[in-house]
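Asks: here's a sequence, model it:
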Amino acid sequence: MLRSSTTTTTSQAYICWRCIGRTRPAQSSTAAIGHIRHSPPFRRHASSSLQDPSSSPSTSPEITFKPHESIRSRLRAWEANNPAPALVLAKTLATGPVANAFHSNPVDGHLEPKADLQDESQRLDYDGEDLIDVGLAKSGLQAGDMVEVSSDAWNIQPFAICLGHFNGHVHFYTNTGKWFTRRDVRTRFVVKAFIKDLAELQPVIDALPSTSSARDVLDVLQELKAGPSRDVGAHLIRRMQAFELSAQKIQQLYANKLNNASNILTTKYERIMSLGEIADELLPPNIKRQGKIHHNSFALYAVHNVLIRDNIAFRALDQSSQQTQSNLFRISSRDDVEVIRAMETHVRNFYDDLGKSKSKTPVLFPNPVATYITEVRKMIDKHRASRALPPTGMLGQVQEPASPPEWKSFDDWRKFSSECSRFMHLWAAEDSFPPASHLHWIGSAILRATGRYTEIELLDQATGWIFLQEIGWITPWDLHSRHNLRLPGTELMRAGGISPAKHDVSPEELLGPDRLAHLRRDFKGSTVYCIDDTSADDIDDGVSIEKADKQGEYWIHIHVADPASRIAHDSPLAKQAAVMAQSSYLSGNTTAMFAEEVVRETFSLAPDRPSLAFSARVNEAGKHVDYKVTPAIIRDVINITPEHVSSISGPTDPAVPLPGDTFEVGNPPTLSEPPTRKMTEPKELSKQQLAEIRTLGRLAKAIHNIRIRQGAMPVYLPRAKAEVSLEHTSIKADRATLNCTGNPYIRISYQGNGNPLVSSLMQLAGQVAARWCHDRHISIPYRVQNPAKENVAALNAFTRNVFYPQLVEGKRPPTEDYHTLRQLLGGHDIAAVPSRNYIMGIDMYTKATSPLRRYCDLLVHWQIEAVLLEEHRRGLTILPKSAIPAIVPFSQQDLQRDIIPHLRLRERFAKMRDNMDGDREWQLQALVRAWRFGEGSKPLPKSFQFTVSEVIPKEFVRGYLDWFEMSAVIMPQDLGGQLQTADVHVGDKFAVELTDVNVYWRKVQVKVLETVELKGASL
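Replies: Numbers count the residues shown, from 1 in each chain. Alright, predicted model coming up:
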């Protein structure tokens, strides 16, 4: 990563021996595009190079060399004329994840990758119906499996054989004869049961230096390069080398096609393909088995290896230990590939042209990059007339209501200038290149050429993000996660939100006839309670209750909107939903999965509209007696808020006090959104309706208590969330630039996890749907935690004795406990075959209650309704198992091979964007505005209390502040006094002050002022 051209005076420019060999006259500052030193683009700490005419001229002394003088002599002469202390690389040199030449080779040392400063993926949250789990799901890596040890920051990918799980850590032995351990496996390639005879592993296992559960012990042993010798593991090394050799033979045999993969697979549009699909395209039929390549693991690896090494056209999208043939790759559009390749050539030529000039006042050779630099300099200067440039990964706030600058319209931009901005967007906004890619220099070189970022030390993607904001490519308040977590196939609107899909037919033609009209039960006489906020647009679900024919038993009906009855599974609307995966509720950027008004007007629950009712017969103890699924039509509908329901029914789970803390920046909105529908208050309800709600609350509590006894998580802690209003902002846009004024209003407060009555009954509907489908052998996307089956005893003991008591007391468990829980659970995954969901205390579960907002729910409805129709046609209650594959739209193979891998990826991206990364960026924007610019509804504290949640030895200490539990890190040099990371333990408390808040990298760094409390207990 390039550094900016002015930093501390104690650092010295590095000049390669070729440049020293040239005579370098002192430069004047009268160049047409600015003062530009003749140096390669990789200069670090150079003095005032590549600046505009206002920059100070170079003062470096002229050096002359004798003819035929040796390189060694020239270097000594240069050092004599440029005395400077040795450059010491600080441990905090890199803010982001980009790798560089100063990173050590992990194969020769410690294979555990550097911990992520911003990693919060271990924490489990709840959205009122289901887990928010954005960690990578594990498929149960077992002893004998071989993996490619993957890391975006490494240019090498060694093989390793899993030796087994020991005390919460997975132990591996690599093809280089190294031993290492991991808690969470990140791999893009796995060969299951590579070593079939586990006795072959025993000599290596016996030679392990430790199977301790203590991470610091294992870290020290790995740093000391302890572990089984190469002699002990020679037989495993030979097996891995033989596999690699077989893959290399395939790669060499079909090199012409494999090396041309980008030209073969790129099209006009970006797309996603699985590794198996790509292999089918690139490899000939003669090496396939039964017509499919995925049975041939070394052939698959040959293809995988080619894709991983292509930084331009391909990017791996998941790093879990799922089946390798289903691993997904993003394939760039042909236009983007051409832009990246062209920019690499043009920027290199730009600097080569500068180096060829021998004039004391160099004038640039004709080069489109030079023209682009001239244009963007003017745009940046005009932008800074109203907004400051703090080094925080975001722009400053509007300083004065200056008249808007005259931005260039799209027609005035040259095509190449748009391509330059597109490249910067791919680099800084979409994170299109892995950290170890050689392409990062291009963006850094462009930033350096502008001469406008000399106050920022690193010209990395965070600076590129600011650049995009300053040239009007994106808004000053845009969110990085909106772009780097963009769902493939969707197009973002630069002003916010996702571009709606375009259809060639009228809205009415998008819907077919109601296929279930003749099957619908009329619920006339039953009141359906739709419990949702006043601002809700899509009303997916409601509940009703009726007494069963036995005393003390009731039928609870969960009525769900039924778009599947009129939207075909292969229709344009269905394809649109598959791409979106779910509605986006990222504050300030809300986008519905179905943007078409006709869908909401037809299916959002209201009187006289269709529904699919998931019904459970339960007794007062909460036990399920019976269940059924019924097409329905509802008549009497009452819309009521969760707060009003709670006031009637009372709480149904352990109460965790909701902190009342709030913090605001910006001007509050003056316009209040009216309710989207008529809302009912408790005083308007009849006695019977009040009694029904109380009964529903009582039964929901009983059902919840059964789940608690079966191991469900008893409570989810409140979490801070940002609410955003853009009312006081304005955007004037054309196709090239955005002219933005004003600042967003951001309010941070704690939010609970929905109404307990609603969450309990929505989970009940998911249970009914899963059980109904399982009884009929219907494959659907079940929500599972498969590896937990092997850890039941340990999981029960840990949750009941360690993890759950902390939650009930309202305490936040330390990161180590979250790691342990995930290790025992194996992550929250999707599968076509059901299994127990331990964390929910349910024998089997699927999502089925939000088909207007989630594609997976819609898919479940399609499967169910196809079977309902066939059962009615045949007059059968349950069809024979053999009949199901020909009836349902999606077979089990379709789900496992084509649908679930995409669904898993898209859901994870959407949850990270909406619930994790995107929300955190809004909170950090508020923090920066308070810290740097003095905004806020109340003064920001000068110091905070920092509670340690995890210690990464010799790297950093992770914890959270007493300000909305904002996660932060302390680097070793900021611990203060004589403290080292080894002296710090989970639960320690320090008084700290902010040292860095970077919105782009979502990083908060603090410095210790004093010690508040030391626990003194080791990890």
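Asks: drop to CA atoms for contacts and neighbour counts, all remaining ones
Replies: OK.
Asks: looking at it, His559 is touching Ile539, isn't it?
Replies: No - His559 lies out of contact with Ile539 (CA atoms under 8 Å); the separation is 10.5 Å.
Asks: and these two? Which one has more around it.
Replies: His559 (30 against 21; other CA atoms under 10 Å).
Asks: that one and Thr630, how far apart?
Replies: Remark: distance between His559 and Thr630 (CA to CA, to the nearest Å) = 9 Å.
Asks: ditto for Val637
Replies: 18 Å.
Asks: state the phi and psi torsions of the most centrally placed residue in the chain.
Replies: What sits nearest the mean C-alpha location of the chain, by CA atoms, centre = their mean, is Met912, with 4.3 Å. When read as degrees, to the nearest 10, the backbone of Met912 gives phi -60, psi -40.
Asks: how far away is it from Asp857?
Replies: From Met912 to Asp857 the distance is 19 Å (CA to CA).
Asks: over to Ala143?
Replies: Distance from Ala143 to Asp857, by CA to CA: 36 Å.
Asks: and for Ile778?
Replies: 14 Å.
Asks: element containing Ile373, please.
Replies: helix 368-383 (DSSP states H and E).
Asks: what of Lys225?
Replies: Here Lys225 is assigned to no helix or strand, by DSSP H and E.
Asks: under the pLDDT cut-off, which ranges of the stretch 601-750 of the chain? List them.
Replies: 651-655, 735 (pLDDT under 70).
Asks: in it, which spans are strands?
Replies: 609-619, 624-634, 636-640, 662-665, 719-725, 730-733, 738-741, 745-751 (DSSP state E, counting those that start in this stretch).
Asks: what strands flank the last one, and is each parallel or antiparallel?
Replies: Note on strand 745-751: by DSSP bridges, its sheet partners are strand 662-665 (antiparallel), strand 719-725 (antiparallel).
Asks: same for the helix or strand just after that strand, what does it pack against?
Replies: Next helix or strand after strand 745-751 toward the C-terminus (DSSP H and E): helix 756-775. Where contact means 3 or more CA pairs under 8 Å, 6 or more residues apart in numbering; DSSP states H and E, helix 756-775 is packed against strand 553-561, strand 609-619, strand 624-634, helix 687-709.
Asks: show me what the third one is packed against.
Replies: Packed against strand 624-634, as judged by 3+ CA pairs under 8 Å, 6+ apart, are the following elements: strand 521-522, strand 609-619, helix 756-775.
Asks: could you identify which of those is most buried?
Replies: strand 609-619 (a mean of 24; mean count of other CA atoms under 10 Å).
Asks: how about His503, what does it touch?
Replies: Pro572 (CA atoms under 8 Å, 6 or more residues apart in numbering).
Asks: ignore what I typed, I meant Asp919.
Replies: Leu586, Ser587, Lys721, Ala722, Arg913.
Asks: any idea how far it lies from Arg719?
Replies: Asp919 sits 11 Å away from Arg719, going by CA to CA.
Asks: what does Arg920 give?
Replies: When distance is defined by CA to CA, Arg920 is 11 Å away from Arg719.
Asks: these two: which is more packed in?
Replies: Higher neighbour count among Arg920 and Arg719: Arg920, with 23 against 16, using other CA under 10 Å.
Asks: what residues does the helix or strand hosting His235 touch?
Replies: His235 belongs to helix 234-253 when assigned by DSSP H and E. With contact meaning CA under 8 Å, 6+ apart, helix 234-253 is reached by 159, 161, 174-177, 230, 258, 298-303.
Asks: now stretch 862-872
Replies: 516, 564-565, 569, 773, 778-780, 877-879, 884, 887-890.
Asks: from those residues, which land in strands?
Replies: Among the contacts of stretch 862-872, no member falls in strands (criterion: DSSP state E).
Asks: next, show the common contact partners of His559 and Thr630.
Replies: Leu612, Ala613, Phe614.
Asks: name the SS class of Cys162, please.
Replies: strand (DSSP: H, G, I helix; E, B strand; the rest coil).
Asks: so what's it up against?
Replies: Leu141, Gln142, Ala143, Gly144, Asp145, Met146, Val147, Val170, His171, Phe172, Tyr173.
Asks: and Leu605, its phi and psi?
Replies: Dihedral angles (degrees, to the nearest 10) for Leu605: phi -60, psi 130.
Asks: I'd assumed Gly496 was in a helix, is it?
Replies: No - the assignment for Gly496, made by three-state DSSP, is coil rather than a helix.
Asks: so it sits against Thr591, correct?
Replies: No - assessed by CA under 8 Å, Gly496 is found out of contact with Thr591, at 9.4 Å.
Asks: out of these two, which sits in the busier spot?
Replies: Shown here are Gly496 and Thr591; by other CA under 10 Å, Thr591 has more neighbours (20 against 17).
Asks: pull the contacting residues for that one.
Replies: Gly497, Ile498, Ser583, Ser584, Tyr585.
Asks: count the neighbours of the residue lying closest to Val147 once chain neighbours are set aside for me.
Replies: Nearest non-adjacent residue to Val147, counting by CA to CA, 6 or more residues apart in numbering: Val190, 4.3 Å away. By other CA under 10 Å, 24 other residues sit near Val190.
Asks: is it true that Val190 touches Thr324?
Replies: Yes - using CA under 8 Å, Val190 is in contact with Thr324, at 5.9 Å.
Asks: any stretches of the stretch 901-1019 of the chain with poor pLDDT?
Replies: Applying pLDDT under 70 to the stretch 901-1019 of the chain picks out residues 1016-1019.
Asks: quick one: the strands in it, in order.
Replies: So, for the stretch 901-1019 of the chain - with DSSP E, counting those that start in this stretch - the strands run 944-952, 956-961, 967-970, 989-998, 1003-1013.
Asks: out of those strands, which one sits most buried?
Replies: Of these, strand 967-970 is the most buried (mean count of other CA under 10 Å), at a mean of 24.
Asks: Ile693 versus the residue nearest to the centre of the chain, what's the distance?
Replies: The spacing between Met912 and Ile693, counted by CA to CA, is 35 Å.
Asks: Lys192 now?
Replies: Applying CA to CA, the value for Lys192 to Ile693 is 51 Å.
Asks: with Gln751 instead?
Replies: 24 Å.
Asks: tell me which of these two has more neighbours.
Replies: Neighbour count, other CA under 10 Å: between Gln751 and Ile693, Ile693 has more, with 21 against 15.
Asks: once you drop chain neighbours, what's closest to that one?
Replies: With CA to CA, 6+ apart, the residue lying closest to Ile693 is Ser649, at 6.3 Å.
Asks: which residues are in contact with the one you found?
Replies: Contacts of Ser649 by CA under 8 Å, 6+ apart are Ile693, Arg694, Thr695, Leu696, Gly697, Arg698.
Asks: burial measure for the third one, as a count.
Replies: By other CA under 10 Å, 16 other residues sit near Thr695.
Asks: pretty sure Ala832 sits against His777.
Replies: No - with contact defined as CA under 8 Å, Ala832 does not count as touching His777 (10.4 Å).
Asks: endpoints of stretch 966-979, how far apart?
Replies: End to end - CA to CA - stretch 966-979 spans 23 Å.
Asks: meant to ask about stretch 450-464, not that
Replies: With CA to CA, one end of stretch 450-464 sits 11 Å from the other.
Asks: show me which residues of that stretch are buried.
Replies: 450-454, 456-464 (16 or more other CA atoms under 10 Å).
Asks: from the chain's centre, how far out does it sit?
Replies: With CA atoms, centre = their mean, to the nearest Å as the basis, stretch 450-464 stands 25 Å off its chain's centre.
Asks: circling back to that earlier point, in strands only, show me the buried residues of stretch 450-464.
Replies: Per DSSP E, these never map to strands.
Asks: return the item of these having minimum pLDDT.
Replies: Of all those, Glu457 carries the smallest pLDDT score, 83.
Asks: quick check: that residue vs Arg334, distance?
Replies: 34 Å.
Asks: and the next helix or strand after the helix holding His235, what's its mean pLDDT?
Replies: Sequence-wise, the next helix or strand downstream of helix 234-253 (DSSP H and E) is helix 255-258. For helix 255-258, mean pLDDT is 93.
Asks: and helix 255-258, how far out from the chain's middle?
Replies: Mean-position distance between helix 255-258 and its chain equals 33 Å (CA atoms, centre = their mean).
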